[in-house]
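Let me see the structure of the following:
(4 chains)
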2 protein chains.
Amino acid sequence: MIPVLLADDETLIRSAMATMLGLETDIDVVEHVGTGDELIAAWRRRVNAGEPVAVAVIDLQMPGRDGIDTAAELLKLTPGAGTLIVTSHGRPGYLKRALAVGVRAFLPKTTSSVTLADVIRIVHGGGRYVDPELAAEAISAGDSVLTAREADVLEYAANGASVEEIARHVYLSPGTTRNYLSSAIAKLGVSNRYEAAVKARERGWI
Amino acid sequence: MIPVLLADDETLIRSAMATMLGLETDIDVVEHVGTGDELIAAWRRRVNAGEPVAVAVIDLQMPGRDGIDTAAELLKLTPGAGTLIVTSHGRPGYLKRALAVGVRAFLPKTTSSVTLADVIRIVHGGGRYVDPELAAEAISAGDSVLTAREADVLEYAANGASVEEIARHVYLSPGTTRNYLSSAIAKLGVSNRYEAAVKARERGWI
DNA sequence: GTTGCCGTATGACTTTTGTCATCGTCAGCA
DNA sequence: TGCTGACGATGACAAAAGTCATACGGCAAC
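Sure thing, here's the model as predicted:
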């Protein structure tokens, strides 16, 4: 039996997934929780109790600590832990971030339940799996053309902040902030920062 | 047995929900599909075959035809049909739109599976159900303070369009467009159109 | 060890936004 | 009948955003 932990804030989906995975003969959903913090607590508790969990299935979007953060924390606790991220929003940037922290599998929620069970088995066996379509997208989106600072300022610009506000947040002079915004706009081939923010977000660069 | 149809583009969730609802003794998930169009086709087919479906559980966010649109179509086919919308994004505007077209229940995906089954029974019995928290939000958000035109221009502004572009889209002079933007900004108590668009969208006004 | 890029900053300049006053038409309503 | 408010437009002005040239220190690559 593969002991599995489940984290998803959407109760409906979480318990539905638990029910469904419970039908697999070799998978045992030992617990399911609604936040990243709860997942970490449960994982730690089970490790301490001498009955460690093999695979954590984590939703990407959760209130508070997000899925990738949560996975990173688990991997700090237990290097090489089996972590699997599922998500509704298959943006390339997320995939990249997830792989960077050591997540072993990344699936959109549009995959079938058969695949999910299979991937849990792969992860349990020490393997990795990335949804092929997402992988293709991530590769075609390419690396960010934005510098770190440009991405920083764009992040704040996305919510409609003024130059002054952005400048305060990132501890820059307003003039410098405007330069970064300007160069991000030029690099992305758009005509204002809001379009730039939208485009950068699509590509997973902010 | 209550015959139920399920529509959700996220296969994982859809089949998980189907599995779970299948465990209820009085609920029978006769079919589950991934788009609004498929749902309508399935509904129509079953009506014609003389074995109509009692309740359609529809995800709000689907590619192509969205959940509310789909429900509206079903209700045109079968006035009084039992329709139930589930969603990840519990925005008041959606709830309002859904109730306006005649949807009988509206649930966030954070509700428990027990509640879902119960609500299916309520809808089957001819009743209505709205998640209390969502209802409270919808009431507190109140009606839109924006005029039709203000909402129009804000819609385009949200994607980062310039005044000229917006003006072209809505067939207005640039000056008039700016006036509408300005008054929307004032009404929403923010300082630029992007913030205004964000706020209006939160409230479900655009 | 020079070249090039990033990060940071300033100043000057143009364009775009946002605000306001004012005007006219038209529909609904007291 | 006259008031009100939405719709549409113009012009003027102020503020914000975007562009460009320029400068200097640091750091990595060649």
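
can we go C-alpha only for contacts and neighbour counts from here?
Noted.

Residue most distant from the centroid, chain A?
A:G175 (33.5 Å; CA atoms, centre = their mean).

The spatially closest residue to A:N192 that is not a sequence neighbour: what secondary structure?
Among residues not flanking A:N192 along the chain, A:I185 sits closest, at 6.1 Å (CA to CA, 6 or more residues apart in numbering or on different chains). Three-state call for A:I185 (DSSP: H, G, I helix; E, B strand; the rest coil): helix.

does A:V53 sit in a helix, a strand or a coil?
Put simply, A:V53 is coil when judged by three-state DSSP.

what about it, neighbour count?
22 (other CA atoms under 10 Å in any protein chain shown).

Then A:V190?
A:V190 has 15 nearby residues by other CA under 10 Å.

Tell me who's in contact with it.
A:A196 (CA atoms under 8 Å, 6 or more residues apart in numbering or on different chains).

Next up, the contacts around the residue nearest to A:N192.
Taking CA under 8 Å, 6+ apart, one finds A:191-193, A:196 in contact with A:I185.

Restricted to helices, list the residues you listed.
Counting by DSSP state H, the part of these found in helices is A:193, A:196.

Which ones, among the contacts of A:I185, also lie beside DNA strand D?
A:191-193 (CA under 7 Å from any atom of the strand).

Which one of those is nearest to DNA strand D?
Comparing the ones next to DNA strand D among the contacts of A:I185 against DNA strand D with CA to the nearest atom of the strand places A:N192 closest, at 3.4 Å.

Count residues in the vicinity of the closest one, would you?
17.

and for stretch A:21-38, what are the contacting residues?
A:1-11, A:14-15, A:18, A:39, A:62-67, A:70, A:117.

at 7 Å instead, please
A:1-9, A:18, A:39, A:62-63, A:65-67, A:70, A:117 (CA atoms under 7 Å, 6 or more residues apart in numbering or on different chains).

what do you get for stretch A:50-61?
Against stretch A:50-61 from outside (CA under 7 Å, 6+ apart): A:2-8, A:43, A:46, A:66-68, A:82-87, A:120, A:124.

now swap in stretch A:81-89 and tell me
In contact with stretch A:81-89 (CA under 7 Å, 6+ apart) are residues A:54-61, A:67, A:71, A:74-75, A:103-109, A:123-124.

now do stretch A:1-16
Against stretch A:1-16 from outside (CA under 7 Å, 6+ apart): A:26-36, A:39, A:53-59, A:62, B:13, B:16-17, B:20, B:109-113.

list the buried ones in that stretch?
A:2-16 (16 or more other CA atoms under 10 Å in any protein chain shown).

And stretch A:101-116, by the same measure?
Quick answer for stretch A:101-116 (16+ other CA under 10 Å): A:102-113, A:116.

quick check, nearest of those to A:Y171?
Using CA to CA, A:G102 is the member of these that lies nearest A:Y171, at 31.2 Å.

For chain A, which residues are neighbours of DNA strand D?
A:161-164, A:175, A:178-179, A:181-183, A:185-186, A:191-194.

Recalculate using a threshold of 10 Å.
A:154, A:157, A:160-167, A:174-187, A:189-196 (CA under 10 Å from any atom of the strand).

coming back round to it: filter the buried residues of stretch A:101-116 down to the ones close to chain B.
A:109-113 (CA under 7 Å from any CA of the partner chain).

Just these: which are in helices?
A:S113.

my hunch is that A:V29 is in a helix, does that hold up?
No: membership of A:V29 in a helix is not supported by three-state DSSP, which gives strand.

Provide the secondary structure category for the nearest residue to it once chain neighbours are set aside.
Of all residues not flanking A:V29 in the chain, A:V4 sits nearest, at 4.7 Å (CA to CA, 6+ apart). Here A:V4 is recorded as strand under three-state DSSP.

before we move on, what about A:T83?
A:T83 - assigned by three-state DSSP - is strand.

Look up how far chain B lies from it.
Distance, A:T83 to chain B, by CA to the nearest CA, to the nearest Å: 18 Å.

what does chain A put close to DNA strand C?
Residues of chain A lying near DNA strand C (CA under 10 Å from any atom of the strand): A:145-153, A:160, A:162, A:167-168, A:170-180, A:183, A:191-192, A:194.

The buried residues of stretch A:101-116 in strands, which ones?
If you go by DSSP state E, the buried residues of stretch A:101-116 have A:105-108 in strands.

Name the nearest of these relative to chain B.
A:P108 (8.1 Å; CA to the nearest CA).

For the closest residue to that closest one other than its chain neighbours, give its distance to B:S182.
Distances taken as CA to CA, 6+ apart place A:T87 nearest to A:P108, at 4.9 Å, with adjacent residues excluded. Taking CA to CA, to the nearest Å as the measure, A:T87 falls 38 Å from B:S182.
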